[in-house]
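[1] any chance you can model this:
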Amino acid sequence: MDKIIRERAEQNERLTLSEKACFAADSVGRKRPEEECFIRTCFQRDRDRIIHSDSFRRLKHKTQVFLAPNGDHYRTRLTHTLEVSQIARTIARALRLNEDLTEAVALGHDLGHTPFGHAGERALCTFSPIDFRHNEQSVRVVEKIEKNGRGLNLTAEVINGIRCHSGGERADTLEGQIVRFADRIAYINHDIDDAIVAGILIENDIPQSLRNALGNRKSERINRLVLNVVENSSDEIRMSDECFSAFSELHAFMYKKVYKSDICRREDEKAMYIVERLYTFFVKNKECMPEVYVGISESEGVERAVCDYIAGMSDTYALKMFNKLFIPKFEID
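    Model prediction:
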């Protein structure tokens, strides 16, 4: 089979996408050169590699805000990722940017996130000398940890978008910048949903000024925010000043009302305790980690390896490991 299918797809990008889009045929490429796929563009191939990775599957057992929730409808890191992907693709399509690149970045942006949401991330920052950041850890996952240390060998554009979805650095491509906004739009709105289910707040708790500016329901808020990004983006992805101000106020409201609530605070303390105990144990017993992490400990130091190992754990695996290591077994006669 010749490469006509992929080449036709690359030609279609030239004909249909904005001149500001990142074209697959112009990709900087991969660190390890590979023969191109006959059917898929490089960004489509990256998307598929992410979806088929071990770290992507583990996202279904990593929670967002509410740890080990009992209900079926709370978000996990996987459902969050899918919502980010959907929002990001909608924006990319409206702006005639590269939807495949956008989707690959969105699907890979949280591969390095810790168990127990941001509490796990704070724990590794607190108890290790590593300046742990989940966006940088996601890059480590796709470059150094997946495939038993070989990594996924993704394109430079996808890796850059993953790294820059949070933190102070702006992505080089408009597609990567889209994911940064889509991530925030998704998590604020689904965290409101989950907080309502948990009984922490009701819709009417949100200040009336913010409901007037952004909408009274999740679907209305998402639609207004997405539309605002589309209408105000050109050489960079952005919101209007008024919309961004209201969105920032909503985040501040959620931080005070939900993320720092007594319910979340108590769960965060438990999560940080679990991560601290696991971290301390494996730093002293590196031989108990899987072989790939033992190898990292020998080349980059045990603290780095333990952070990699714990960050890769799902909530359920971390709890099972904690029980195995620290909870005595007993039988009742």
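
[2] buried stuff in stretch 90-97?
    90-92, 95, 97 (16 or more other CB atoms under 10 Å). The C-beta positions use only the backbone N, C-alpha and C, and glycine is treated the same way.

[3] narrow the residues you listed to those in helices?
    90-92 (DSSP state H).

[4] show me what contacts residue 93?
    Residue 93 makes contact with residue 99, according to CB atoms under 8 Å, 6 or more residues apart in numbering.

[5] distance of it from residue 7?
    Distance from residue 93 to residue 7, counting by CB to CB, to the nearest Å: 22 Å.

[6] repeat that for residue 189.
    With CB to CB as the criterion, residue 189 and residue 7 are 40 Å apart.

[7] who's more crowded, these two?
    Taking other CB atoms under 10 Å, residue 189 and residue 7 do not tie; residue 189 has more neighbours (23 against 14).

[8] mind listing what that one touches?
    When contacts are counted by CB under 8 Å, 6+ apart, residue 189 touches 218, 221-222.

[9] closest to residue 21 among the residues you listed?
    Nearest to residue 21, judged by CB to CB, of the contacts of residue 189 is residue 222 at 23.4 Å.

[10] in what element of secondary structure is the closest residue to the closest one other than its chain neighbours found?
    In this structure, residue 222 finds its nearest non-sequential neighbour in residue 189, 5.6 Å apart by CB to CB, 6 or more residues apart in numbering. Using DSSP states H and E, residue 189 falls within helix 174-197.

[11] torsion angles phi and psi at the residue most central in space within the chain?
    The centroid of the chain falls nearest to residue 110 when counting by CA atoms, centre = their mean (2.2 Å). Residue 110 adopts backbone torsions of phi -110, psi 20, taken as degrees, to the nearest 10.

[12] residue 30 now?
    phi -110, psi 160.

[13] which ones are touching it?
    With CB under 8 Å, 6+ apart, residue 30 has these contacts: 42, 153-156.

[14] ChimeraX command for the buried members of those residues?
    A single ChimeraX command is used to select the members of the contacts of residue 30 judged buried by 16+ other CB under 10 Å:
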select :42,153,154,155
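
[15] mind listing which of the contacts of residue 30 are in helices?
    Per DSSP H, the subset of those in helices is 42, 156.

[16] tabulate the contacts of residue 30 (JSON lines), appending distance to residue 311.
    Listed next are these as JSON lines, based on distance: CB to CB, whole Å:
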{"residue": "42", "distance to residue 311": "27"}
{"residue": "153", "distance to residue 311": "20"}
{"residue": "154", "distance to residue 311": "18"}
{"residue": "155", "distance to residue 311": "23"}
{"residue": "156", "distance to residue 311": "23"}
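
[17] in the stretch 201-333 of the chain, which spans are helices?
    For the stretch 201-333 of the chain, the helices defined by DSSP state H, counting those that start in this stretch occupy 208-214, 218-232, 241-254, 262-284, 291-300, 302-311, 315-326.

[18] what mean pLDDT does the last one have?
    Okay, so that is helix 315-326. What helix 315-326 shows for mean pLDDT is 95.

[19] cool, and the shortest one?
    Averaging pLDDT along helix 208-214 yields 97.

[20] what's it packed up against?
    On a contact count with 3 or more CB pairs under 8 Å, 6 or more residues apart in numbering; DSSP states H and E, helix 208-214 meets helix 218-232, helix 241-254.

[21] quick one: the ones you listed as JSON lines, columns for distance to residue 195 too.
    Formatted as JSON lines, the helices and strands packed on helix 208-214 follow (distance: least, CB to CB, whole Å):
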{"stretch": "helix 218-232", "distance to residue 195": "12"}
{"stretch": "helix 241-254", "distance to residue 195": "8"}
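
[22] how about the ones you listed in TSV, adding mean neighbour count?
    Formatted as TSV, the helices and strands packed on helix 208-214 follow (neighbours: other CB atoms under 10 Å):
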stretch	mean neighbour count
helix 218-232	17
helix 241-254	16
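
[23] now render these as a markdown table, adding mean pLDDT and distance to residue 321.
    Output for the helices and strands packed on helix 208-214, formatted as a markdown table (pLDDT from 0 to 100; distance: least, CB to CB, whole Å):
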| stretch | mean pLDDT | distance to residue 321 |
| --- | --- | --- |
| helix 218-232 | 97 | 35 |
| helix 241-254 | 97 | 31 |
